[in-house]
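K.L.:
Below are the sequence and a predicted model; questions follow.
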Amino acid sequence: MTDKSNLIFINEVLSAIDSFQQDYGTFCYSITIQSYAFHHQLTVNIMDSECLKSTRFIIEQTLYEQAVIPSEYIYNLIKEKSEELANKE
């Protein structure tokens, strides 16, 4: 899990989460790292601390690596999931 490509993947996800935590102050983000023989994935949990809503989704390393602009892929995925949570009734 500590080879350079894996660390870049984790760093990109943490960077995107940090950006959203600044934009959506009431949202809390946490990640769980799951390591498998051929790939890794991160489970992201987003919680709105004001109304106690939450959502969970997975970011697959293989999809990240296939994206044209990997950092944009992660940013857009977190944005989409955060907006879905914000729009939940």
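P.N.:
The structure has been received and is ready for your questions.

K.L.:
can you list the weak-confidence ranges in this protein?
P.N.:
1-2, 24, 37-39, 89 (pLDDT under 70).

K.L.:
And the longest helix anywhere in the chain, how far out from the chain middle?
P.N.:
The helix spanning the most residues in the chain, taking DSSP state H as the definition, is helix 4-23. Computed by C-alpha atoms, centre = their mean, to the nearest Å, the separation of helix 4-23 from the middle of its chain amounts to 7 Å.

K.L.:
what does stretch 25-40 give?
P.N.:
When C-alpha coordinates are averaged (C-alpha atoms, centre = their mean), stretch 25-40 and its chain have centres 7 Å apart.

K.L.:
if we can go back for a sec, packing partners for the longest helix of the chain?
P.N.:
Using 3 or more C-beta pairs under 8 Å, 6 or more residues apart in numbering; DSSP states H and E as the contact test, the elements touching helix 4-23 are strand 27-35, strand 40-48, helix 61-66, helix 70-87. Placement of C-beta: from N, CA and C, glycine included.

K.L.:
Select, out of the ones you listed, the one closest to Leu14.
P.N.:
With C-beta to C-beta, the closest approach to Leu14 among the helices and strands packed on helix 4-23 belongs to strand 27-35: 7.4 Å.

K.L.:
and the closest one, which strands flank it?
P.N.:
Applying DSSP bridges, strand 27-35 is found paired with strand 40-48 (antiparallel).

K.L.:
could I get the partner strand in PDB with only the CA atoms?
P.N.:
The C-alpha trace of strand 40-48 is given here as PDB (Å, rounded to 0.1, in the frame of the first residue of the first chain):
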ATOM      1  CA  HIS A  40      -7.200  -0.500  -3.300                       C
ATOM      2  CA  GLN A  41     -10.400   1.400  -2.600                       C
ATOM      3  CA  LEU A  42     -11.400   4.100  -0.200                       C
ATOM      4  CA  THR A  43     -14.800   4.200   1.400                       C
ATOM      5  CA  VAL A  44     -15.900   7.800   2.000                       C
ATOM      6  CA  ASN A  45     -18.500   8.600   4.600                       C
ATOM      7  CA  ILE A  46     -20.000  12.100   4.500                       C
ATOM      8  CA  MET A  47     -22.100  13.300   7.400                       C
ATOM      9  CA  ASP A  48     -24.100  16.500   7.900                       C
END
